[in-house]
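Undergrad: Below are the sequence and a predicted model for it; my questions follow.
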Amino acid sequence: MNIIIFGPPGAGKGTQSERLQSNYELAHLSTGDMLRAEIKRESDLGLTLKSIIESGALVPDETMIKLIELRISQPDCDNGFILDGFPRTVAQAKALDVMMQEQSKSIDHVVVLKVNEDILLERILKRAAESGGARADDNADTLKKRLAVYNEQTAPILPYYQEKALLREIDGMADIDDVTAQISKVLDNKAAA
Ligand code: AMP
């Protein structure tokens, strides 16, 4: 089973992905984590990525598509994977379709976590405080930019997956366990079908 977990910054994609990873033995592919790991290596690419991420903008599609194409062909993805943070543009969604077809794979569900914007800000500021400011992009100003980018470039993917009848909307404002239960219900229904 291959799924996309979708939602604005602070919606809980990472938290829920970690739970699904262990409950369903799926590989968790967080593009944000992959990019942050590259930044830690202090490579030239890492430096470029750092300034893009800190501005709240998106890394170019070409870079992201190559990264994911390589990653989903790894053996740990054979049992299925969760895409967390990809695709983030319609071009990425279309490229994903092509690479999935080439690798004889398909997306089973696109799980959308719905959360109001005021709650997102609260959550991001809480995450910043709890992590001691580990993520330079977790602050009110950058969040504003990230939300604008989400609304302008990422949310337009939704009709694309709606047309393919893959969208599963989840109330992301419920408590963490309840959100996990809602997602599991969706995934288990498919597994039983
Ligand atoms: P995240 O951890 O998913 O919130 O991602 C942090 C940042 O990494 C984003 O704000 C973007 O700058 C960059 N990023 C992550 N995934 C993508 C993607 N699929 N396309 C473009 N940029 C991305």
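TA: Great, that's in hand. Numbers count the residues shown, from 1 in each chain.
Undergrad: Which residues of this protein lie near the ligand?
TA: 9, 31-32, 35, 52-53, 56-59, 64, 85-86, 88, 92, 137, 146 (Cβ under 6 Å from any ligand atom). For every residue, glycine as well, the C-beta is placed using N, CA and C.
Undergrad: can you pull the buried residues of stretch 13-22?
TA: Neighbour counts over stretch 13-22 (16 or more other Cβ atoms under 10 Å) mark 13-14, 16-17, 19-21 as buried.
Undergrad: ignore the last one, stretch 137-156
TA: 137-138, 142-143, 146-147, 149-150, 153-154.
Undergrad: Mind checking which of those land in helices?
TA: Using DSSP state H, 142-143, 146-147, 149 are the members of these that sit in helices.
Undergrad: JSON lines for those, including pLDDT?
TA: What follows is those, written out as JSON lines (pLDDT from 0 to 100):
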{"residue": "Thr142", "pLDDT": "94"}
{"residue": "Leu143", "pLDDT": "93"}
{"residue": "Arg146", "pLDDT": "96"}
{"residue": "Leu147", "pLDDT": "95"}
{"residue": "Val149", "pLDDT": "97"}
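Undergrad: before we move on, back to that, write the ChimeraX selection for whichever of the residues of the chain next to the ligand are buried.
TA: With 16+ other Cβ under 10 Å as the criterion, this ChimeraX line picks the buried residues out of the residues of the chain next to the ligand:
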select :9,31,32,35,53,56,58,59,64,85,86,88,92,137,146
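Undergrad: from the residues of the chain next to the ligand, which ones fall inside strands?
TA: With strands defined by DSSP state E, no entry of the residues of the chain next to the ligand lies inside them.
Undergrad: By proximity to the ligand, which residue of the chain wins?
TA: Closest contact between the chain and the ligand, by Cβ to the nearest ligand atom, is at Gly32 (1.9 Å).
Undergrad: what's near enough to touch that residue?
TA: When contacts are counted by Cβ atoms under 8 Å, 6 or more residues apart in numbering, Gly32 touches 14, 53, 84-85.
Undergrad: give me that answer again for 10 Å
TA: Neighbouring residues of Gly32 by Cβ atoms under 10 Å, 6 or more residues apart in numbering: 9, 13-14, 53, 59, 84-86, 88, 135, 137.
Undergrad: Packing partners of the longest helix seen in the chain?
TA: The longest helix of the chain (DSSP H) is helix 176-192. Secondary-structure packing of helix 176-192 (3 or more Cβ pairs under 10 Å, 6 or more residues apart in numbering; DSSP states H and E): strand 3-6, helix 13-24, strand 109-114, strand 167-171.
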